[in-house]
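Novice: kindly return the folded structure for what I paste below:
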Amino acid sequence: MSSASSAQPADAMTPFDDTYDQPDPRAFFRGLGPWGYQTPHHAQSVFRRLLSALAPRPGGTDPSATTVLDLCCSYGINAALLNHHLTLSDLYTHYTSEEAAALTTAELVERDREFYPAHRRPDAVRVLGLDAAPSAIAYARAVGLLDDGFAENLETAPPSPALLRAARDVRLITVTGGVSFLSPRTFGPLLAGADAPAWVAAFVLRTGSYRPIADCLDAHGLTTEKHTAQTYPQRRFTGEQEQRYAVAATLAAGEDPQGKETEGSFHTALYVSRPAAEAERSPLGALLHP
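Specialist: Numbering: from 1, shown residues only. Here you go, the predicted structure:
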């Protein structure tokens with residue numbers, strides 16, 4: 001679930017490919033946990049603040065009527081954190097415990113069908129998920145984390161009619177990983193098919209440029225702001241090769257790696273895209289740090 005937005009050498013980053021499309025999330029949490037993967041933790045509070053700032057649609061007051069579309073949603077981790085009284089640390093514990101290790105996938109699904117409702121927030125919103133990994137989507141749907149999920153790759157094929165119908169009323173599009181695999185080919189059709197302008201919030205590794213996607217969003221009436229007050233650690237490097245790549249790529253992208261990538265971890269920047277009038281009315285810094 002890396003999120004650089006420009007292509008990197010195939011061997012520059014540890015891929016973790018064998019964790020992304022398993023029948024359940026246990027391999028993901030076992031694989032990423034030792035490296036301190038934490039972007040969904042940072043996103044949890046950010047996404048909740050953005051949702052609270054969204055102006056209600058005419059006649060709409062019920063939070064459950066608000067639709068979020070999570071890109072590269074994997075096993076529904078962002079949905080779990082957004083809609084439940086749970087932390088990312090809770091999820092690591094939940095899926096790496098000895099009890100979880102002893103279960104079959106079917107048994108884990110049954111356990112999670114009880115686990116998540118017991119922690120459901122009263123202000124839970126409708127969450128759609130989009131990911132190229134069908135097994136991950138199937139799991140997230142089976143345990144109720146996603147109201148609907150779509151195993152599609154919009155980089156290689158246009159969105160299905162079902163996806164476009166489901167996403168018509170989306171208010172917020174989120175992405176915490178996978179921006180390196182995305183381009184305007186993914187964002188353009190989703191924005192074009194929405195009934196009204198949606199906000200977009202993306203955590204993007206500092207090793208690449210978000211400009212091509214930001215330009216696409218601008219063409220659909222959204223102005224993109226970068227939150228410059230802080231960066232967000234993603235995970236620790238798996239070795240010196242990753243660090244050398246990250247430091248060089250961060251410099252090439254016009255960012256300063258000192259005190260961040262030089263200290264041993266990938267860092268992300270947060271980009272938020274909104275209609276210009278809404279961005280002028282609510283400065284991003286005040287929105288995120290009221």
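
Novice: going forward, measure contacts and count neighbours with C-alpha atoms only.
Specialist: Noted.

Novice: got any ranges where the stretch 51-200 of the chain has weak pLDDT?
Specialist: Along the stretch 51-200 of the chain, the model assigns pLDDT under 70 to residues 55-64.

Novice: quick one: the helices in it, in order.
Specialist: 77-83, 88-96, 98-101, 105-118, 134-142, 161-166, 184-192 (DSSP state H, counting those that start in this stretch).

Novice: which one of those helices lies nearest to Gln243?
Specialist: The closest of the helices of the stretch 51-200 of the chain to Gln243 is helix 88-96. By CA to CA, the value is 24.7 Å.

Novice: the closest one packs against which elements?
Specialist: Secondary-structure packing of helix 88-96 (3 or more CA pairs under 8 Å, 6 or more residues apart in numbering; DSSP states H and E): helix 26-32.

Novice: which residues sit against the helix it packs on?
Specialist: Residues external to helix 26-32 that are found in contact with it (CA atoms under 8 Å, 6 or more residues apart in numbering): 16, 18-20, 92, 95-96, 100-101.

Novice: turn the helices of the stretch 51-200 of the chain into JSON lines, including mean neighbour count and distance to Thr262.
Specialist: Below are the helices of the stretch 51-200 of the chain laid out as JSON lines (neighbours: other CA atoms under 10 Å; distance: least, CA to CA, whole Å):
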{"stretch": "helix 77-83", "mean neighbour count": "24", "distance to Thr262": "28"}
{"stretch": "helix 88-96", "mean neighbour count": "16", "distance to Thr262": "25"}
{"stretch": "helix 98-101", "mean neighbour count": "12", "distance to Thr262": "35"}
{"stretch": "helix 105-118", "mean neighbour count": "15", "distance to Thr262": "38"}
{"stretch": "helix 134-142", "mean neighbour count": "22", "distance to Thr262": "33"}
{"stretch": "helix 161-166", "mean neighbour count": "14", "distance to Thr262": "41"}
{"stretch": "helix 184-192", "mean neighbour count": "18", "distance to Thr262": "31"}
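
Novice: tabulate the contacts of helix 26-32 (a markdown table), appending distance to Asn153.
Specialist: Below are the contacts of helix 26-32 laid out as a markdown table (distance: CA to CA, whole Å):
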| residue | distance to Asn153 |
| --- | --- |
| Phe16 | 19 |
| Asp18 | 18 |
| Thr19 | 18 |
| Tyr20 | 14 |
| Tyr92 | 27 |
| Tyr95 | 27 |
| Thr96 | 29 |
| Ala100 | 30 |
| Ala101 | 31 |
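
Novice: turn the helices of the stretch 51-200 of the chain into a markdown table, including distance to Ala151.
Specialist: Below are the helices of the stretch 51-200 of the chain laid out as a markdown table (distance: least, CA to CA, whole Å):
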| stretch | distance to Ala151 |
| --- | --- |
| helix 77-83 | 16 |
| helix 88-96 | 23 |
| helix 98-101 | 26 |
| helix 105-118 | 19 |
| helix 134-142 | 5 |
| helix 161-166 | 10 |
| helix 184-192 | 13 |
